[in-house]
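>>> what follows is a predicted protein model with its sequence.
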Amino acid sequence: MLRRTKIVATLGPASSDQKVLEAMIRAGVDMVRMNFSHGSAQDHMKRAETVRAAAAAVGRTVGILADLQGPKIRVRKFQNDKIILNKGDAFILDATLDGLGNQERVGLDYKELPNDVEVGTVLLLNDGLLEFHVTGVKGPEVHCVVVRGGVLSNNKGINRKGGGLTAPALTDKDKEDIKTAALIKADYLAVSFPRCADDMKLARSLMHAAGGKAMLLAKIERAEAIPVLGEIIDASDAIMVARGDLSVEVGDAAVPGLQKKMIKMARERNKIAITATQMMESMITAPIPTRAEVSDVANAVLDGTDAVMLSAETAVGDYPVETIEAMARICISAEREDEHHAVDHRTIVQKFARIDQSIAMSALYAASHFKVKAIVALTESGSTPLWMSRMNAEAPIYALTPKQETLTKVTLFSGVHPISFTPKTKDQSQVLIDAEQTLVSKGLLKEGDLMVMTVGEAVGKSGHTNTMKIVRVGDHHKS
């Protein structure tokens with residue numbers, strides 16, 4: 001059974017070697033995430049080359065997601081790398097301290113913090129493990145009392161409970177990194193901490209100005225993003241349910257419900273959804289996942305996510321390949337369960353603004369009634385398979401395209417499998433025969449199989465899909 005849900009793996013020291021990457025791709029990686037919080041432009045360029053070489057060696061198409069760092073709302077460094085704070089301790093976050101921190105105070109990367117807080121503000125540090133209450137703001141100093149103590153070490157993050165930090169989503173570093181993302185031909189660009197649609201629009205214009213064609217992905221991790229979620233999704237091509245920072249800002253109990261809501265909203269708007277953070281966290285050091293992690297991944301699949309993402313598990317973990325194998329196994333099992341809840345295409349009542357969109361929906365409708373073996377979309381831009389992927393088609397969707405950027409873009413679309421195909425003629429009926437033969441030669445279809453095909457009358461032009469055919473493999477003269 002072909003897996004519908006896609007797997008995104010973060011690259012890092014544990015996954016930089018080409019041989020390891022080849023094993024990860026064989027195990028099921030569909031897209032790699034490059035975390036731009038670490039490494040130079042040269043590092044990213046070298047890594048992108050290694051990924052493409054590994055994918056070519058394995059014979060699979062793998063996409064690249066460039067993930068911007070976003071604003072660094074963090075404490076600076078300590079004299080001894082860390083301190084231990086106890087409940088009731090007084091502590092100062094000092095925006096002007098350039099030296100190393102101590103038991104009484106520490107410097108800040110984010111100089112605006114004193115303007116963003118007042119007496120009573122709750123600050124959460126190190127992913128919410130420590131809790132400070134602000135007792136006063138004196139110029140550049142934020143005076144706090146420790147409510148929940150623990151170890152505070154170098155460069156740990158700061159969140160304001162309920163949101164309200166005004167840091168812009170795109171920093172000067174991010175603007176430079178967008179140029180690097182364009183240079184390495186990243187397929188997706190992830191924007192960290194966007195607060196509104198304008199943050200995504202700015203990132204898109206900078207990407208285009210740099211000559212990049214990446215699709216834009218909004219990481220939903222700020223409390224402020226939740227009330228304007230629809231606008232942010234509309235301004236993006238994809239979203240990430242970034243459960244780490246989001247959980248700290250809105251409270252952990254609110255996140256599962258928000259995850260379901262976000263994935264549903266994305267699908268309804270024909271956008272992609274990735275679910276991320278701690279999905280297989282225990283596998284950083286263990287060869288098998290916990291039962292809770294298995295349930296978490298399976299539930300994300302049942303929620304309708306397009307992709308599930310691994311972070312530290314594949315970046316620095318001891319078992320990157322085993323983690324991917326486990327995740328793939330869980331996804332396939334959850335999808336089998338999900339087939340009982342496949343979309344009833346008779347309930348489609350949305351209005352279509354475009355011919356190619358109505359063709360995509362017609363193909364799904366026909367596929368569900370005739371129990372076809374495959375849905376085949378001959379596509380230039382990838383729009384038709386994207387629309388098809390918004391409904392849970394039981395048959396695999398093959399996106400046949402001559403364009404490399406479309407092949408790598410669809411690696412994130414649920415249930416869509418990229419296949420390189422260059423038509424040798426403008427004659428539509430011959431193109432369909434050649435496409436069929438390509439699928440047969442790859443062992444994906446055999447004589448007598450039924451499939452639904454979509455194609456444009458103007459072969460080779462984007463946005464011109466206007467034909468749907470139901471074809472039995474081998475029956476050219478009858479179709």
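Looks like it came in fine.

>>> domain assignment for this structure?
6-71+168-339, 82-160, 345-478 (automatic domain parsing).

>>> what's the most buried one of those domains?
Highest mean neighbour count of those: domain 6-71+168-339, a mean of 20 (counted as mean count of other CB atoms under 10 Å). Every C-beta, even on glycine, is put in place using the N, C-alpha and C of the backbone.

>>> low pLDDT regions in the stretch 251-400 of the chain?
339-352 (pLDDT under 70).

>>> strands along that one, start to end?
Assigned by DSSP state E, counting those that start in this stretch, the stretch 251-400 of the chain shows strands spanning 272-276, 307-310, 374-378, 397-401.

>>> export those strands to CSV and append columns for distance to residue 74.
Output for the strands of the stretch 251-400 of the chain, formatted as CSV (distance: least, CB to CB, whole Å):
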stretch, distance to residue 74
strand 272-276, 20
strand 307-310, 22
strand 374-378, 45
strand 397-401, 41
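
>>> those: which one's closest to residue 389?
Residue 389 sits nearest to strand 397-401 of all the strands of the stretch 251-400 of the chain, at 6.3 Å, using CB to CB.

>>> against which helices or strands is the helix or strand following that closest one packed?
Going down the chain from strand 397-401, the next helix or strand is helix 404-409, by DSSP states H and E. If you count contacts as 3 or more CB pairs under 8 Å, 6 or more residues apart in numbering; DSSP states H and E, helix 404-409 packs onto strand 63-67, strand 397-401, strand 416-420.

>>> centre of the chain to helix 404-409, how far?
Chain-centre distance of helix 404-409: 16 Å, with CA atoms, centre = their mean, to the nearest Å.

>>> how about the CA coordinates for that helix, as CSV?
Coordinates of the C-alpha atoms in helix 404-409 are reproduced here as CSV (Å, rounded to 0.1, in the frame of the first residue of the first chain):
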residue,chain,number,x,y,z
GLN,A,404,11.4,19.5,-11.8
GLU,A,405,10.0,22.2,-9.5
THR,A,406,6.5,20.6,-9.8
LEU,A,407,7.9,17.2,-9.0
THR,A,408,9.5,18.4,-5.8
LYS,A,409,6.6,20.6,-4.8
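
>>> follow-up on the earlier one: of all the helices and strands packed on helix 404-409, which lies closest to residue 308?
Among these, the nearest to residue 308 by CB to CB is strand 63-67 (13.2 Å).

>>> check which helices and strands that closest one is in contact with.
Using 3+ CB pairs under 8 Å, 6+ apart, strand 63-67 sits against strand 31-35, helix 41-58, helix 172-183, strand 188-191, helix 404-409.

>>> angle of it against strand 31-35?
On the basis of axes from the mean of the first three to the mean of the last three CA atoms, to 10 degrees, strand 63-67 is oriented at 20 degrees to strand 31-35.

>>> just after strand 63-67, pick out the following helix or strand.
Next helix or strand after strand 63-67 toward the C-terminus (DSSP H and E): strand 82-85.

>>> and the contacts of the very next helix or strand once past that following strand?
Sequence order places strand 90-94 as the next helix or strand after strand 82-85, per DSSP H and E. Residues outside strand 90-94 that contact it (CB atoms under 8 Å, 6 or more residues apart in numbering) are 75, 85, 104-108, 113, 123, 132, 135, 140-146, 158.

>>> and strand 90-94, which strands flank it?
According to DSSP bridges, strand 90-94 has the following sheet partners: strand 105-107 (parallel), strand 141-148 (antiparallel).

>>> looking at the helices and strands packed on helix 404-409, which is closest to residue 216?
With CB to CB as the measure, strand 63-67 is the member of these nearest residue 216 (10.9 Å).

>>> circling back to that earlier point, and the helices and strands packed on strand 63-67 as TSV, adding mean pLDDT?
TSV is the format used below for the helices and strands packed on strand 63-67 (pLDDT from 0 to 100):
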stretch	mean pLDDT
strand 31-35	98
helix 41-58	97
helix 172-183	97
strand 188-191	98
helix 404-409	96
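
>>> turn these into JSON lines, including distance to residue 323.
Formatted as JSON lines, these follow (distance: least, CB to CB, whole Å):
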{"stretch": "strand 31-35", "distance to residue 323": "14"}
{"stretch": "helix 41-58", "distance to residue 323": "17"}
{"stretch": "helix 172-183", "distance to residue 323": "26"}
{"stretch": "strand 188-191", "distance to residue 323": "21"}
{"stretch": "helix 404-409", "distance to residue 323": "23"}
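
>>> alright, calling it a day.
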